[in-house]
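Q: what follows is a predicted protein model with its sequence.
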Protein chains: 2
Amino acid sequence: MTEPAIKYRLIKKEKHTGARLGEIITPHGTFPTPIFMPVGTQATVKAISPEELKAMGADIILSNTYHLWLRPGEDLVEEAGGLHKFMNWDKGILTDSGGFQVFSLAQMRDITEEGVHFKSHLSGEKLFLSPEKAIGIENALGADVMMSFDECPPFYETYDYIQKSVARTSRWAERGLKAHKNPDTQGLFGIVQGAGYEDLRRQSAQDLVSLDFPGYSIGGLSVGESKDEMNRVLDFTTPMLPENKPRYLMGVGSPDALIDGVIRGVDMFDCVLPTRIARNGTCMTSQGRVVVKNAKYARDFGPLDPKCDCYTCKNFSRAYIRHLFKADETFGLRLTSYHNLHFLINLMKDVRQAIMDDNLLEFREAFFEEYGYNADNKRNF
Amino acid sequence: MTEPAIKYRLIKKEKHTGARLGEIITPHGTFPTPIFMPVGTQATVKAISPEELKAMGADIILSNTYHLWLRPGEDLVEEAGGLHKFMNWDKGILTDSGGFQVFSLAQMRDITEEGVHFKSHLSGEKLFLSPEKAIGIENALGADVMMSFDECPPFYETYDYIQKSVARTSRWAERGLKAHKNPDTQGLFGIVQGAGYEDLRRQSAQDLVSLDFPGYSIGGLSVGESKDEMNRVLDFTTPMLPENKPRYLMGVGSPDALIDGVIRGVDMFDCVLPTRIARNGTCMTSQGRVVVKNAKYARDFGPLDPKCDCYTCKNFSRAYIRHLFKADETFGLRLTSYHNLHFLINLMKDVRQAIMDDNLLEFREAFFEEYGYNADNKRNF
């Protein structure tokens, strides 16, 4: 039997929370966890180069199977030598399965036991995705970490619906595992579903753990439920997962949710949030949100974040970045995208240090205070 | 008397043409000529960072007075510490005077001896620009090289109109020289006009040379006339200019026009062409134009230009860049912009070597052949 492509090493548990310091070993390097993964949906992290990702400390990025399947096509990426070579990124890559996009982007879905029929959000073309098909695409893309094909239902669906959905997702996970052609070079994770129902989350976790995946994702969160609700689900879900495997909370990227997820034992995160809000001129800083397009920054010649040492903050002022946004210059969103990604990657570095120092709760308190979460706990990020 | 801010040193004349190897000495460095200057209209070379400009060998860039005057305003740039500091660029900057934009972009112009009344292309606001006003803005921006405020009439205007226009442009140049507050840190060039009329070009050159500017621009070309026509005007205009001052041909950036301009004794060029066509997916390569969006490059896993060693060509394939364009990813136009600027900057390096080797005509012949100009001399670039 070959070695699994993805391994996890638990280094240390924090004394007062469920947080874990560890590392994930992949064919493209070993990366400390907890970790935030920038999203490069279409084989590029929007506006940012691979060299810049490395400079800011990114170790692994996410790319979207659904998007790459539709354009340019997984066969083209495979012919290019795989996704790493195609986009010139030699560190880690994780691909989702397309499941989430089928349920959030595509139209006219028809879910059967075999898979999902739907229409492309680009062309309207009729398409079909099944566990075998999704895993086949992911195998062609060649990412280090792959996701099982799952159904991602709305959080507030009925118990009956979620129960049936979870059972089907488990059957799909098993089919995907059988279809997976490269277990020695690509690690396939199972995705725990079950919405807000503890017993369904337990059922899902048990089903998947019995299949012995090299890692487990927590899906179906950050889809409209409150943060309290998300934390409640994490509270009971992460303990259902084995300690010797990495845990990945999908699609979560606000600073508070990252910290609260780590506290509950999550090791990996991804989200489009930092780059999406950056393109709108909104920045995450040690002083909380800065909407750099606002008129009050017109003559602010200081950096976006006085405590930040990223490329953007070392070299450019709020006034300049605001000017670039007002003048529709793409260099502006490049600078804010760089800063926001650097901010989250660096936040996770600080979080890892806090785990090492066994003071994560104090770190959380101080961070929330400075960021302004305590004063305004309704904000989204 | 203080030293002029801008000096020119003639190093060598090519044996068989009017080409000159030299250097231009500015407060922000000494740069070899002939040189191509990338355009950063709004205090940014579109999609490209200052560090990338340096990496590709750019020594001096152009920025537009008219645009910066309207947005963010020259007072804000001055408050930021000047344009170099505002945009974080510590090498050379040249600003035009706004004259060209007033005549190409603005609406409802009314030209008087005092200056030009017109409407902003952004807001429709009524504005006025005069030699004193334009030079005042350029002083606030603080570029190393400044342009006189001139009228840039259409090439095929009547002799009578051009005669009056040239005389007024000479009077405006003198007023601008008097208004110029920083002759020790910023060098102001005069702009030779006169359309296609040799005697009016001579009159213009004589007027300006008598004012002893530290450099001379050739304006009113590349505004719709043919390349033969442009070369005809250069043939008689550059010999009217003093040998010990730099000569700048404004707004010209196609490879053939650069080489043909150098042959006629031009030292400096600028143009939006390389970045503008790059944003449309068109690249200048050693094999001629490559429209990378074309379907035939979908599975072309080679570089944009097999003879190029730029960042783009070393790291990414035509297939990947095409994918980025098809997927509307800004990283695509960043890669093509980088390549095209590198191409022209590198072309000028080769041209300087050919001047050194006294084989510029042979170089021209070989380049035109490889680029495809000889087969299709109607192409624009």
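A: Structure received.

Q: now the residue in the stretch 101-250 of chain A that chain B sits nearest to, nearest residue through space, not along the chain?
A: At 9.7 Å from chain B, A:Leu122 is the closest residue in the stretch 101-250 of chain A, using CB to the nearest CB. Bear in mind the C-beta positions are built from the backbone N, C-alpha and C, glycine included. Nearest residue to A:Leu122, sequence neighbours excluded (CB to CB, 6 or more residues apart in numbering or on different chains): A:Leu70, at 5.7 Å.

Q: my read: the one you found touches A:Ser120, true?
A: Yes: contact criterion CB atoms under 8 Å: A:Leu70 and A:Ser120 qualify, at 5.9 Å.

Q: these two: which is more packed in?
A: A:Leu70 (22 against 16; other CB atoms under 10 Å in any protein chain shown).

Q: show me the contacts for that one.
A: Listed by CB atoms under 8 Å, 6 or more residues apart in numbering or on different chains, the contact partners of A:Leu70 are A:120, A:122-123.

Q: can you give me the helices in the stretch 201-350 of chain A?
A: All helices of the stretch 201-350 of chain A, identified by DSSP state H, counting those that start in this stretch, fall at A:227-237, A:255-263, A:273-278, A:311-315, A:318-326, A:330-356.

Q: redo the ones you listed as a markdown table? Include distance to chain B and mean neighbour count.
A: As requested, the helices of the stretch 201-350 of chain A are exported to a markdown table (distance: least, CB to the nearest CB, whole Å; neighbours: other CB atoms under 10 Å in any protein chain shown):
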| stretch | distance to chain B | mean neighbour count |
| --- | --- | --- |
| helix A:227-237 | 31 | 18 |
| helix A:255-263 | 25 | 24 |
| helix A:273-278 | 11 | 23 |
| helix A:311-315 | 5 | 18 |
| helix A:318-326 | 4 | 23 |
| helix A:330-356 | 5 | 23 |
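
Q: any chance of a markdown table for those helices, columns mean pLDDT?
A: Output for those, formatted as a markdown table (pLDDT from 0 to 100):
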| stretch | mean pLDDT |
| --- | --- |
| helix A:227-237 | 97 |
| helix A:255-263 | 97 |
| helix A:273-278 | 98 |
| helix A:311-315 | 98 |
| helix A:318-326 | 98 |
| helix A:330-356 | 98 |
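
Q: where does the residue nearest to A:Leu122 fall, phi/psi-wise?
A: Here is the backbone geometry of A:Leu70 (degrees, to the nearest 10): phi -70, psi -40.

Q: same check on A:Ala19?
A: Note on A:Ala19: backbone dihedrals following degrees, to the nearest 10 are phi -70, psi 150.

Q: can you check the one 4 residues further on too?
A: Summarising the backbone geometry of A:Glu23 under the convention degrees, to the nearest 10, its torsions are phi -150, psi 150.

Q: what pLDDT is listed against it?
A: As predicted, A:Glu23 sits at a pLDDT of 98.

Q: what bridges to it?
A: Per DSSP bridges, the residues bridged to A:Glu23 are A:Arg9, A:Pro32.

Q: could you measure from it over to B:Phe149?
A: 63 Å (CB to CB, to the nearest Å).

Q: who has more neighbours, those two?
A: A direct count of neighbours by other CB under 10 Å for A:Glu23 and B:Phe149 places B:Phe149 higher, at 29 against 19.

Q: what distance do you get for the more buried one to A:Ala295?
A: Plainly put, B:Phe149 is 31 Å away from A:Ala295 if you go by CB to CB.

Q: okay, domains of chain A per the record?
A: Under the assignment the TED database, the domains of chain A span A:7-270, A:278-371.

Q: reformat those as CSV; add distance to B:Ser217.
A: Formatted as CSV, these follow (distance: least, CB to CB, whole Å):
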stretch, distance to B:Ser217
domain A:7-270, 35
domain A:278-371, 25
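
Q: of the ones you listed, which is nearest B:Ser317?
A: In terms of CB to CB, the element of the domains of chain A nearest to B:Ser317 is domain A:7-270, at 6.7 Å.

Q: show me how far that closest one is from its chain's centre.
A: Centroid displacement of domain A:7-270 relative to its chain, using CA atoms, centre = their mean, to the nearest Å, is 7 Å.

Q: stretch A:363-372 too?
A: Centroid separation for stretch A:363-372 versus its chain: 23 Å, with CA atoms, centre = their mean.

Q: what sits up against it?
A: A:255-256, A:259-260, A:263, A:286-289, A:347, A:350-351, A:354, A:374, A:379.

Q: enumerate the residues of the stretch 1-150 of chain A near chain B.
A: For the stretch 1-150 of chain A, the contact set with chain B under CB under 8 Å from any CB of the partner chain comprises A:42-44, A:46-50, A:67, A:71-72, A:76, A:79-81, A:86-88.

Q: ok, now which ones touch A:Leu333?
A: A:Leu333 makes contacts with A:47, A:278-279, A:281, A:325, B:330, as judged by CB under 8 Å, 6+ apart.

Q: torsion angles phi and psi at A:Tyr161?
A: For A:Tyr161, the backbone dihedrals (degrees, to the nearest 10) come out as phi -60, psi -50.

Q: perfect, that will be all.
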